[in-house]
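Chemist: Please work out how this folds:
(one chain, ligands or ions: 2)
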Amino acid sequence: MCHTAPGGVTNAGGLAMQTPFGTLYSSNITPDPATGIGSWSYPAFERAMRDGISRDGKNLYPAFPYTAFRNINDADMQALYAYLMSQTPVSQPAKANDMQFPFNMRPLMAGWNAMFLRKGEIKPQAERSDQWNRGAYLVNGLGHCAACHSPRNVMGAEKGGTSFLAGGTVDGWDAPALNGLSKSPTPWTEDQLFNYLSSGYSDAHGVATGPMGPVVSELAKLPKADVRAMAVYLASLDSSAQAQTAPVAEAVAQPSVASVSLSNGQRVFEGSCQGCHADGLGPTLFGVSPSLATNTNVHSAQPDNLLKVILQGIAMPATPDLGYMPAFKDSLSNTQISELAAYLRNRFAPAEPAWQGLPQRVAHVRANPGSH
Ligand code: HEC
Ligand code: HEC
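Modeler: Numbers count the residues shown, from 1 in each chain. Ligands and ions are numbered 1, 2, ... in the order given. Sure, this is the predicted structure:
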């Protein structure tokens, strides 16, 4: 589901287009009059985008992401229309089972069908700064960050209220909470969010991988002022982030490792990981050298993200300077990975309870690699 090379035209479903607003997937959203949207007026386009009513006026698909596109302001909606209409028309009839535009748009590659339903454009909050309001607009409209970072109700719709940005799952990955429920060992500050979102790396938290990688690749193309605005808005959600950053809970190596399994895990860490993750104690060989003590995934309630990264490595850095991490699926057994994960949890997240059922979890994640 992730990347289609810029300018790439076809993918399995039909046409994919890179736009400044993200990747749009479609049977045909080029301005070809017969098979595309070439004969759509701006009002017809806008009605489709905001209300989910197609040009023939009949089709209403209540489960479609136009609920998020409603939050796109008029200027950006017009820019999107102008952009699409300026592309080269391609004559390509829709395949029978393709959803018709706009019911097939996937902004910023999330590809989510149910989005949060909110009426109208986001109302600016007068008591907040312009920058904060811009950030709220970007996070909730074009960025649709909640598509992954909010839990869903039984209908598959994102939960609002206190559940907003309280963490979700996508493709077997945890999308961590971005509000006050964040499991991050140190609160995310505005600067750290800015660095993470614009480069994929914050020295205080680590890297963006899995489904967050392509999001950062897209955000890296936005004007820096927009990413800054998102950081301002997101930092305000986690009220503790306003306070001075607490010192990192010192991740002291346990003086005596309790059990055989922990000492086995420590041996795997020293042999396979420490060279690149020395936590400031050793040289950085190449790329970044993320500290595991500050990594949200080591502090999360589920080990899944950590296990995925160990098994699959990081072959596609969110931005090129981050470097690559090798996959360990062929060199470490399930037992070794379980012992390693137990050791990392014990050493780097000493305040969190041990993960239960690790061997089964490793086997499950290994058997379900997902699309990343
Ligand atoms: C396609 C799903 C998806 C979308 C859309 C998405 N995220 Fe993420 N996000 C994730 C996943 C998965 C992770 C965990 C990545 C990892 O472990 O490296 C993550 C991690 C993060 C983190 C780090 C959290 C932590 O404590 O480590 C931040 C901050 C973040 N995302 C912000 C955003 C913002 C802002 C947006 C909207 C512009 C967004 N995300 C959109 C899936 C997504
Ligand atoms: C050859 C160097 C290298 C080795 C060996 C290595 N890593 Fe990494 N690791 C990296 C780099 C570089 C990144 C960041 C890559 C990126 O984001 O593009 C990373 C990222 C990570 C992350 C952060 C993922 C996230 O979503 O926040 C974790 C966790 C991690 N490594 C754990 C491990 C463990 C455990 C081992 C041992 C089994 C290990 N690494 C071995 C280089 C390495």
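Chemist: residues from the stretch 101-250 of the chain in reach of ligand 2?
Modeler: Contact residues, the stretch 101-250 of the chain versus ligand 2 (C-beta under 6 Å from any ligand atom): Gly206, Val207, Thr209. For the C-beta atoms, the positions are set from N, CA and C on the backbone; glycine is no exception.
Chemist: you'd agree Asp226 is in a strand?
Modeler: No - looking at Asp226 with DSSP: H, G, I helix; E, B strand; the rest coil, it is helix, so not inside a strand.
Chemist: give me the number of residues near it?
Modeler: By other C-beta atoms under 10 Å, 19 other residues sit near Asp226.
Chemist: can you pull the pLDDT of it?
Modeler: As predicted, Asp226 sits at a pLDDT of 87.
Chemist: The closest residue to it other than its chain neighbours - how many residues pack around it?
Modeler: Nearest residue to Asp226 in three dimensions, chain neighbours excluded: Leu138, at 5.8 Å (C-beta to C-beta, 6 or more residues apart in numbering). When neighbours are defined as other C-beta under 10 Å, Leu138 has 22 of them.
Chemist: list the contacts for the residue of the stretch 51-200 of the chain found nearest ligand 2?
Modeler: Taking C-beta to the nearest ligand atom as the measure, the point where the stretch 51-200 of the chain comes nearest ligand 2 is Gly200, at 6.2 Å. Gly200 sits next to Val207, Ala208, Gly213, Val216, Ser217, Ala220, Pro317, Ala318, Thr319, Leu322 when contact means C-beta atoms under 8 Å, 6 or more residues apart in numbering.
Chemist: again, only using 6 Å
Modeler: Going by C-beta atoms under 6 Å, 6 or more residues apart in numbering, Gly200 touches Val207, Ala208, Val216, Ala318, Thr319, Leu322.
Chemist: Just confirm the third one is within a helix.
Modeler: Same thing as Val216. Yes - judged by three-state DSSP, Val216 forms part of a helix.
Chemist: Might one say that it is in contact with Gly210?
Modeler: No - Val216 lies out of contact with Gly210 (C-beta atoms under 6 Å); the separation is 10.9 Å.
Chemist: Mind checking which of those two has more residues around it?
Modeler: A direct count of neighbours by other C-beta under 10 Å for Val216 and Gly210 places Gly210 higher, at 26 against 22.
Chemist: what pairs with the residue lying closest to that one once chain neighbours are set aside across the strands?
Modeler: In space, and not counting its chain neighbours, Gly210 is closest to Trp173: 4.4 Å by C-beta to C-beta, 6+ apart. Beta bridges link Trp173 to Val170, judged by DSSP bridges.
Chemist: So Trp173 sits against Ala208, correct?
Modeler: No - at 11.2 Å, Trp173 does not count as touching Ala208 under the criterion of C-beta under 6 Å.
Chemist: Check the secondary structure at Ser184 for me.
Modeler: coil.
Chemist: what about it, neighbour count?
Modeler: 22.
Chemist: Was I right to think it contacts Val298?
Modeler: No - counting by C-beta under 6 Å, Ser184 does not reach Val298; the two are 10.3 Å apart.
Chemist: Could you report the neighbour count for whichever residue of the stretch 101-250 of the chain sits closest to ligand 2?
Modeler: In the stretch 101-250 of the chain, the residue that lies nearest ligand 2 is Val207 (3.2 Å; C-beta to the nearest ligand atom). Applying other C-beta under 10 Å, we find 24 residues neighbouring Val207.
Chemist: The residues of the stretch 101-250 of the chain next to ligand 2 into a markdown table, with extra columns for pLDDT?
Modeler: Output for these, formatted as a markdown table (pLDDT from 0 to 100):
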| residue | pLDDT |
| --- | --- |
| Gly206 | 83 |
| Val207 | 88 |
| Thr209 | 90 |
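Chemist: And the closest residue to Leu311 other than its chain neighbours, how far from Asp191?
Modeler: Counting by C-beta to C-beta, 6+ apart, Leu311 lies nearest to Lys329, which is 4.4 Å off, once chain neighbours are set aside. Applying C-beta to C-beta, to the nearest Å, the value for Lys329 to Asp191 is 35 Å.
Chemist: now do Ala367
Modeler: 40 Å.
Chemist: Name the residue in these two with the higher neighbour count.
Modeler: Remark: of Ala367 and Asp191, Asp191 carries more neighbours, 14 against 7, as counted by other C-beta under 10 Å.
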